[in-house]
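Novice: Curious how this folds, go ahead:
(2 chains)
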Amino acid sequence: MESAKETKHRTTDNIAISYTGVFDNEILSVLAKEIEGTLSSDDKVNKKVFKIFIELAQNISLYSLERDVTSGGDGMGVGTMIIRNFDTYYEFSTGNKTTKENIIPVMEKCDNINSMSREKLREYRRLQRNMPAGQKGGGNIGLIQVALTASNPIEYALVKCEDGNYFYIVSVRINKD
Amino acid sequence: MEDIHIQGSKDVYIQPTVDFEVATGRCSISGESFLEETAKFYSPMVEWIKAYSRFGKNIDFTFSLTYFNTSTSKWILTILAELKKLEGQGVAVNVVWHYHEDDVDMRDDISDYMADTGLKIDLVPFNE
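Specialist: Take a look at the predicted model:
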């Protein structure tokens, strides 16, 4: 578990785009346009960041513990998205509130994904894709797709909140070359 | 059985353009698909393909999907599996997928779809 100082460093330096709030369709489309159109001059890099954004942002919409219920139903998830710009890569991070019980399987999944070669990841994606949709949105394949798109490991961190729940941060680097 | 025509959008919902024509058997899905609620969007297409063998003897299916999310990817697999079934029912099925020549990920993805469904897909690279 990282310290508050590390979390602050992780979330405040070199910011290109950041957003905190409800992840509804209107906001997703605004952020998507911003990423696709203005992030960098390299269209291929923008597209990669865009694809990763879609997967991770939709995970917040669907699974964040903190919900905005003004639109009715289960509401839309609330969370944070940060894109940081470094010399050789962009770092894309999202964060949302969760419970420890819900997030431990996800962290184990990240470890599993990070241990796999590209070929193994493709096999794993095929396996998951062929399974009947068990949960809303088919989010199970999302993390595999993020790792394949970025060609870099998925990093994660868990910060305990005052209310006993946890803030889950997932980050991935997208190389500029 | 009716044609399906859906205009693509990149506004609030990022959805592809869809054209399925009963009379010609020409079908296409093009653009980008980043929908969250994919079932509502794609299940009528699957039902259309299931019913098609009663109406036509050939189907020319063109994918020009440049980007899609993982939720969409499951529906693409379902569509391709249904096209394979049509082939088994004696319908001449021809599937083409246009992809950007630099998009190695997409090429890999299409190869994986072919391996999973046993359906031949002609890969046509473009470089605009």
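
Novice: Just the terminal-to-terminal distance for stretch B:89-106.
Specialist: Using CA to CA, to the nearest Å, the end-to-end distance of stretch B:89-106 comes out at 29 Å.

Novice: Just give the nearest non-adjacent residue to residue B:83, would you?
Specialist: residue B:93 (5.2 Å; CB to CB, 6 or more residues apart in numbering or on different chains). All C-beta spots, glycine's among them, are computed from the backbone N, C-alpha and C.

Novice: so what's that neighbour up against?
Specialist: Counting by CB atoms under 8 Å, 6 or more residues apart in numbering or on different chains, residue B:93 touches B:58-59, B:61, B:83-84, B:86-87, B:119.

Novice: again with residue A:81
Specialist: A:17-20, A:23, A:31, A:53, A:56-57, A:60, A:92-95.

Novice: residue ranges for the helices of chain B, please.
Specialist: According to DSSP state H, chain B carries its helices in the segments B:38-52, B:70-88, B:104-117.

Novice: What parts of chain B come near chain A?
Specialist: Listed as neighbours of chain A in chain B under the rule CB under 8 Å from any CB of the partner chain: B:10-14, B:34, B:36, B:38, B:67, B:69-71, B:73-74, B:77, B:102, B:105, B:108, B:112, B:115-116.

Novice: Is it correct that residue A:70 falls within a helix?
Specialist: No - read with DSSP: H, G, I helix; E, B strand; the rest coil, residue A:70 is coil and lies in no helix.

Novice: pLDDT value on it, please?
Specialist: pLDDT, residue A:70: 84.

Novice: same deal with residue A:35?
Specialist: 89.

Novice: returning to that earlier point: and the helices of chain B as CSV, adding mean neighbour count and distance to residue A:177?
Specialist: Shown next, in CSV, are the helices of chain B (neighbours: other CB atoms under 10 Å in any protein chain shown; distance: least, CB to CB, whole Å):
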stretch, mean neighbour count, distance to residue A:177
helix B:38-52, 17, 33
helix B:70-88, 20, 26
helix B:104-117, 17, 15
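
Novice: CSV for the ones you listed, including mean pLDDT?
Specialist: Shown next, in CSV, are the helices of chain B (pLDDT from 0 to 100):
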stretch, mean pLDDT
helix B:38-52, 95
helix B:70-88, 95
helix B:104-117, 95
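
Novice: wait, which of those helices is closest to residue A:132?
Specialist: Residue A:132 sits nearest to helix B:70-88 of all the helices of chain B, at 9.2 Å, using CB to CB.

Novice: just the CA coordinates of the closest one, formatted as PDB?
Specialist: Provided in PDB are the C-alpha atoms of helix B:70-88 (Å, rounded to 0.1, in the frame of the first residue of the first chain):
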ATOM      1  CA  THR B  70     -14.400  -5.200 -25.300                       C
ATOM      2  CA  SER B  71     -18.200  -5.200 -24.700                       C
ATOM      3  CA  THR B  72     -18.600  -4.800 -28.400                       C
ATOM      4  CA  SER B  73     -16.000  -7.500 -29.100                       C
ATOM      5  CA  LYS B  74     -18.200 -10.200 -27.600                       C
ATOM      6  CA  TRP B  75     -21.000  -9.200 -30.000                       C
ATOM      7  CA  ILE B  76     -18.700  -9.300 -33.000                       C
ATOM      8  CA  LEU B  77     -17.800 -12.900 -32.000                       C
ATOM      9  CA  THR B  78     -21.500 -13.700 -31.800                       C
ATOM     10  CA  ILE B  79     -22.200 -12.200 -35.300                       C
ATOM     11  CA  LEU B  80     -19.300 -14.100 -36.800                       C
ATOM     12  CA  ALA B  81     -20.500 -17.400 -35.200                       C
ATOM     13  CA  GLU B  82     -24.000 -16.800 -36.600                       C
ATOM     14  CA  LEU B  83     -22.500 -16.200 -40.100                       C
ATOM     15  CA  LYS B  84     -20.600 -19.500 -39.800                       C
ATOM     16  CA  LYS B  85     -23.900 -21.200 -39.000                       C
ATOM     17  CA  LEU B  86     -25.400 -19.600 -42.100                       C
ATOM     18  CA  GLU B  87     -22.600 -21.000 -44.100                       C
ATOM     19  CA  GLY B  88     -23.500 -24.500 -42.700                       C
END
